[in-house]
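# Predicted model and sequence follow; I will ask about them next.
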Amino acid sequence: MTTDDTRQLTGAIESLLFVSNEPVTAAKIAKVLEITDAEALACIQALALEYADSERGFQLREVAGGWRMCTHPAFHEYVEKFVLSWDTRRVTQAALEALAVIAYHQPATRARISAVRGVNSDGVIGSLIEKGLVTEMGRDKDHGNAILYGTTPAFLEHFGLKDLSQLPPLEEFAPDPATENALRERLGALDGSILTDVDGQP
């Protein structure tokens, strides 16, 4: 492949990534551009390196099983201020607490989520489903056929995660240290392995 061919491919890939509203796999890009998966991945990785080396305000990152343009973490404070000035669908602190329980103990029933939080969580669960961060994952036949909830690919994308093994520490979800400690204790009581897996601490 010549330099001109590579330049044309990377330009085409940039265009596809720019218009996509979800992570795109190398295989999908390869199919659209009629190239091999290896060629597509090489171009994507070259683009990611180019953006990183030039210290751009955005990055090309692998999230939720695909690749997507993301804002640079160094500028998240400014991006957050800008987005919150017009985003009326942002996640509330109550919803973040419920999301933490679901993320670290999925699949989880409404009853379990409410038990960990200490309050009824029906409303916030509905809000998380509406925002596409949580979805139904089946039924718990051992507990009255209750609905089981888990996180979605959109959740991984929102938090910049490749998979659930990269879950951040609980303090990123909890609104204050007291809530974080309460969630940590209650989650630990349900399954002592969860928090060790998350941040390496008991």
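Sure thing, it's come through.

# Quick one: residues in contact with the helix or strand Leu128 falls within.
If you go by DSSP states H and E, Leu128 is part of helix 122-130. Helix 122-130 is touched from outside by 91-92, 94-95, 97-99, 102, 110, 113-114, 134-136, 149, with contacts defined as C-beta atoms under 8 Å, 6 or more residues apart in numbering. Just so you know, the C-beta spots here come from the backbone N, C-alpha and C atoms, and that holds for glycine as well.

# what bits of the protein have low per-residue confidence?
Screening the chain residue by residue with the criterion pLDDT under 70, one finds the ranges 1-3, 83-91, 169-176, 179-180, 182-202.

# can you give me the helices in it?
Remark: helices of the chain, listed N- to C-terminal, are 3-19, 26-33, 37-53, 76-84, 93-105, 110-117, 122-130, 153-158, 177-190, 193-199; assignment by DSSP state H.

# winner for burial among those helices?
For the helices of the chain, average neighbour numbers computed from mean count of other C-beta atoms under 10 Å are highest in helix 93-105, which has a mean of 22.

# and it, what does it pack onto?
Packing partners of helix 93-105 (3 or more C-beta pairs under 8 Å, 6 or more residues apart in numbering; DSSP states H and E): helix 110-117, helix 122-130, strand 146-151, helix 177-190, helix 193-199.

# residues in contact with Glu80?
Under the criterion of C-beta under 8 Å, 6+ apart, the contact list for Glu80 is empty.

# what about it, distance to Ser127?
Glu80 sits 20 Å away from Ser127, going by C-beta to C-beta, to the nearest Å.

# what domains does the record give for the protein?
The record assigns the chain these domain ranges, following automatic domain parsing: 3-75, 93-199.

# count of residues packed around the closest residue to Ser20 other than its chain neighbours?
Of all residues beyond its chain neighbours, the one nearest Ser20 is Arg68 (7.0 Å), with distances taken as C-beta to C-beta, 6 or more residues apart in numbering. Under the neighbour criterion other C-beta atoms under 10 Å, Arg68 is assigned a count of 18.
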